[in-house]
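>>> Model the structure of this input:
(chains A and B)
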Amino acid sequence: MNKTIITVVGKDAVGIIAKVCTYLAKNQINVEDISQTIVQGYFNMMMIVDTGNSAVSFGDMARELEQLGVETGVHIRCQREEIFEKMHRI
Amino acid sequence: MINFFEVSETNKMIEQEKLDVRTITLGISLLDCCDANLDALNTKIYDKITRVAKNLVSVGNDIEREYGIPIVNKRISVTPIALIGGSACKSPEDFVTIAKTLDRAAKEVGVNFLGGYSALVCKGMTQADENLIRSIPQALASTERICSSVNIGSTKTGINMDAVKLMGEIVKETAEATKENGSLGCAKLVVLCNAPDDNPFMAGAFHGVTEGDAVINVGVSGPGVVKHALESVRGENFEVLSETVKKTAFKVTRMGQLVALEASERLGIPFGIVDLSLAPTPAVGDSVAEILEEMGLESVGAPGTTAALALLNDQVKKGGVMASSYVGGFSGAFIPVSEDQGMIDAVNRGAITIEKLEAMTSVCSVGLDMIAIPGNTTAATISGIIADEAAIGMINQKTTGVRLIPVIGKDIGDTVEFGGLLGYAPIQAVNKFSCADFINRGGRIPAPIHSFKN
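This next block holds a predicted model:
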C-alpha cells in the first residue's frame, strides 16, 4: 500500500473533482477517501489515494496534477501519507 | 485514518508558519584519507567527499517533493581537519590547500556549506592544531562554503586559555581578511566549549572521531509554528503554556525524524541524530524572539526573558525526545542576532545588550551567536567574551559557542548586511574596560570540581 494525500485548495468551479478523478482513473490510482468543504466560495478537498498500481511515478503524478491545478485555477498538492501519520499519531 | 483537520494543520504549518527541515547534514569521516603527502591527501579528500555525498542533494530534493516539506539546506560535515592534515601540513599555508579542496568538493556535490575546518584544543594544542588555527583567516577568505570551528574548553578538561587568547586574535584577523564583505569570514567561524560530535548546524558542525564512516544528522526548525500555537493560549497559565510548546515540538520533531530515516534509507548511510533546535531565519514570522514576546514580554531583553527562554528550551526538549529515537547536536533554541528579525528589532530599540544575551545563553543553546561588534574591538576583549561564554558552558555542562563579527570600519549605529540566511545586524556595544592582563596570563583554567565523577 502506497498511500498519498492529495489536497486541492482554491476558488470553487464546476468539475474540479471530475478532472482530478479522471486523471487518477486513467493512471490506475484508486481513491480510498474523499472529504471536501466549501468555505466562502473556497474549495477545500482532501483525497486519500492508493498509488500501489499507479501507471506513473510519484514525481510525474505530482507534477501533472499540479499542472492540472494551474489549468483549473486551484492549487493541487500530493504528499506521501507518512508525514501526516508521523506528526499526528504516536 | 488521517483526517481533514490533521492534513490542513500540517500544511498550514508548512505554508504559513514556515515549518521546515533546516538541514540534512551528512557527516563523513576523513580518517582513512590521511597521508603524509599533501597532494595525495587533497586528492583522497576530494574523491571521498564527492563519492559519499554524490546523491545527497538529489535525495534531499526528492524527499522534499514527495512529502511537501521544505528541506532548506543540504550540508556536509567532516572530521576535524587539524587531525587529518597533521602529518602532511607543515605550515598554515599547507592547511589552506585543504580548505580549497573542501570548497571545491562542496561545490561539486552542490551543498551550500561544509563544516569541519576545525581543531579540538580543549586541553592543549599540537603543532598541527596551531597551524590549522593560524590558517583560518586565510582559509575563510579564500573559500566560499567552508565553516570553521575550534573547541577551546570542556567540563572534563577546563578551558585552554592559550587557545582562547589565540582565537581572539584569529577572529580579528579573519574580520580583517574579509573586510571587503562586511567581515563575513567571522560568520563562518565559531569558538565552542563542550562541542558535540554530531551537530548538524553550521558553523559548528564537524564529524567527531567517535562517529562511524558516514552518518545522517538532521536539524529541524519551526519557531513560527511554536509562536502560532502560543497565540491560541494567550493569558493562560504556565502549565498550559508548557504543554502547548511541548506538543508542538513533538510534531515538528516527528517530521524531522521521518525525513532523517528516509534520507538514511535512500542514501544507504546510517541515521545518527535529530537535533531538536528552534532555528530562526531573518524571515518575518520565523523568529525565536517573537515566541518570547508572545509569552508576554514587551520586547525580548525585558526582565523575564531568561526565564521565558529557559521554559521554551526545556519544553522543546521534552516534546522532542518523545518524538525521536536519537537526539543530539545542540538541541535547544538558537538566539543568533542577525538571523532573527525579532532580535534585530530588540537591538534597534535598545532592549537587549550583549550582557543580557550572555545571561540567556546559560539556559539555551548555543551561545553568543551572530553578533556584530565594532571593528576596533581589541583581540583581548574578544578573548574575554569567549572565556566568559566558555565558563558558562564548562560550569553548566552544556555546549556554548561564540560567533562574533568585529566588522572592520563599522561602529555603533552602523548596520552590516550578510545576506541570505545569515541576515543583517546592527553593531552592538561592547564593554570598554580591559581584560588584557587576565587573557595574557596563559595556561589553562582547571576543570571544575563536578567534572570528577569517577
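>>> what are the ranges of the strands in chain B?
Along chain B, counting by DSSP state E, strands occupy B:21-28, B:71-78, B:114-120, B:146-154, B:158-160, B:189-193, B:214-220, B:271-275, B:367-374, B:400-407, B:415-417, B:424-426, B:444-445.
>>> so how far is the last one from its chain's centroid?
Centroid separation for strand B:444-445 versus its chain: 25 Å, with Cα atoms, centre = their mean, to the nearest Å.
>>> and what of the longest one?
For strand B:146-154, the distance from its own C-alpha centre to the chain's C-alpha centre is 10 Å (Cα atoms, centre = their mean).
>>> tell me the mean pLDDT for the longest helix seen in chain A?
Counting residues, the longest helix in chain A under DSSP state H turns out to be helix A:58-72. The average pLDDT within helix A:58-72 is 93.
>>> Show me what that helix packs onto, helices and strands only.
Helix A:58-72 is packed against strand A:3-11, helix A:16-26, strand A:74-80, helix B:56-67, with contacts defined by 3 or more Cβ pairs under 8 Å, 6 or more residues apart in numbering or on different chains; DSSP states H and E. Yep, even glycine has a C-beta here, placed from its N, CA and C like the rest.
>>> and the angle from it to strand A:3-11?
20 degrees (axes from the mean of the first three to the mean of the last three Cα atoms, to 10 degrees).
>>> Not counting sequence-adjacent ones, nearest residue to the residue in chain B positioned nearest to chain A?
Nearest residue of chain B to chain A, counting by Cβ to the nearest Cβ: B:Gly68, 3.9 Å away. Nearest residue to B:Gly68 in three dimensions, chain neighbours excluded: A:Gln79, at 3.9 Å (Cβ to Cβ, 6 or more residues apart in numbering or on different chains).
>>> Please tell me the pLDDT value assigned to residue 90.
I'll assume chain A. For A:Ile90, the predicted pLDDT is 84.
>>> looking at chain B here, not the other one
pLDDT, read off for B:Lys90, is 96.
>>> ok, now which ones touch it?
Counting by Cβ atoms under 8 Å, 6 or more residues apart in numbering or on different chains, B:Lys90 touches B:Asn131.
>>> With B:Ser135 instead?
B:Ser135 neighbours (Cβ under 8 Å, 6+ apart): B:Pro92, B:Glu93, B:Phe95, B:Val96, B:Ala99.
>>> Same question for B:Thr79.
Here B:Thr79 is in contact with B:Ile28, B:Ser29, B:Leu30, B:Leu31, B:Gly116, B:Phe206, B:His207, B:Gly208, B:Val209 (Cβ under 8 Å, 6+ apart).
>>> Now with 7 Å, please.
B:Ser29, B:Leu30, B:Leu31, B:Gly116, B:His207, B:Val209 (Cβ atoms under 7 Å, 6 or more residues apart in numbering or on different chains).
>>> what does B:Lys54 give?
If you count contacts by Cβ under 7 Å, 6+ apart, then B:Lys54 has B:Val109 around it.
>>> where's it relative to B:Ile28, distance?
Distance, B:Lys54 to B:Ile28, using Cβ to Cβ, to the nearest Å: 12 Å.
>>> what bits of chain B have low per-residue confidence?
Nowhere does chain B drop to pLDDT under 70.
>>> near chain A, which residues of it?
Remark: the part of chain B in contact with chain A comprises B:1-2, B:4, B:6-7, B:10-11, B:65-69, B:251, B:254-255, B:258, using Cβ under 7 Å from any Cβ of the partner chain.
>>> what residues does chain A put near chain B?
A:5, A:7, A:33, A:35, A:46, A:48, A:58-59, A:62, A:77, A:79-88.
>>> Around B:Asn440, how many other residues sit close by?
For B:Asn440, the count of nearby residues is 11 (other Cβ atoms under 10 Å in any protein chain shown).
>>> Next: B:Cys33.
Other residues close to B:Cys33 by other Cβ under 10 Å number 23.
>>> Excluding chain neighbours, what is closest to it?
In space, B:Cys33 is closest to B:Lys44, 3.9 Å off (Cβ to Cβ, 6+ apart).
>>> Repeat that for B:Ile405.
Counting by Cβ to Cβ, 6+ apart, the residue nearest B:Ile405 is B:Cys186, at 4.1 Å.
>>> Next: B:Arg403.
Nearest one to B:Arg403, counting by Cβ to Cβ, 6+ apart, is B:Val190 at 4.5 Å.
>>> For that neighbour, which residues are in contact?
B:Ser149, B:Ala203, B:Gly204, B:Gly401, B:Val402, B:Arg403.
>>> remind me, longest helix of chain B?
helix B:238-267.
>>> other SSEs contacting that one?
Applying 3 or more Cβ pairs under 7 Å, 6 or more residues apart in numbering or on different chains; DSSP states H and E, one finds that helix B:238-267 contacts helix A:82-88, strand B:21-28, helix B:56-67, strand B:214-220, helix B:223-231, strand B:271-275, helix B:305-323.
>>> Count the neighbours of the residue nearest to B:Cys33 for me.
18.
>>> related to what we said a few turns ago, return the most buried member of the strands of chain B.
strand B:189-193 (a mean of 31; mean count of other Cβ atoms under 10 Å in any protein chain shown).
>>> Mind listing the strands that strand pairs with, and their directions?
strand B:146-154 (parallel), strand B:400-407 (antiparallel) (DSSP bridges).
>>> What residues does the residue in chain A positioned nearest to chain B make contact with?
Chain A approaches chain B most closely through A:Gln79 (3.9 Å), counting by Cβ to the nearest Cβ. By Cβ under 7 Å, 6+ apart, A:Gln79 lies in contact with A:Thr4, A:Ile5, B:Tyr67, B:Gly68.
>>> Compile those residues into JSON lines and extend it with columns for distance to B:Lys123 and neighbour count.
Formatted as JSON lines, the contacts of A:Gln79 follow (distance: Cβ to Cβ, whole Å; neighbours: other Cβ atoms under 10 Å in any protein chain shown):
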{"residue": "A:Thr4", "distance to B:Lys123": "54", "neighbour count": "21"}
{"residue": "A:Ile5", "distance to B:Lys123": "53", "neighbour count": "24"}
{"residue": "B:Tyr67", "distance to B:Lys123": "44", "neighbour count": "24"}
{"residue": "B:Gly68", "distance to B:Lys123": "47", "neighbour count": "19"}
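>>> helix, strand or coil for A:Ile38?
Secondary structure, DSSP: H, G, I helix; E, B strand; the rest coil: A:Ile38 is strand.
>>> ok so, going back, include distance to B:Asp286 when you put the helices and strands packed on helix B:238-267 into JSON lines, please.
Output for the helices and strands packed on helix B:238-267, formatted as JSON lines (distance: least, Cβ to Cβ, whole Å):
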{"stretch": "helix A:82-88", "distance to B:Asp286": "19"}
{"stretch": "strand B:21-28", "distance to B:Asp286": "10"}
{"stretch": "helix B:56-67", "distance to B:Asp286": "18"}
{"stretch": "strand B:214-220", "distance to B:Asp286": "13"}
{"stretch": "helix B:223-231", "distance to B:Asp286": "5"}
{"stretch": "strand B:271-275", "distance to B:Asp286": "17"}
{"stretch": "helix B:305-323", "distance to B:Asp286": "15"}
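>>> isn't the residue of chain B closest to chain A right next to A:Arg77, touching?
Yes - at 5.9 Å, B:Gly68 counts as touching A:Arg77 under the criterion of Cβ atoms under 7 Å.
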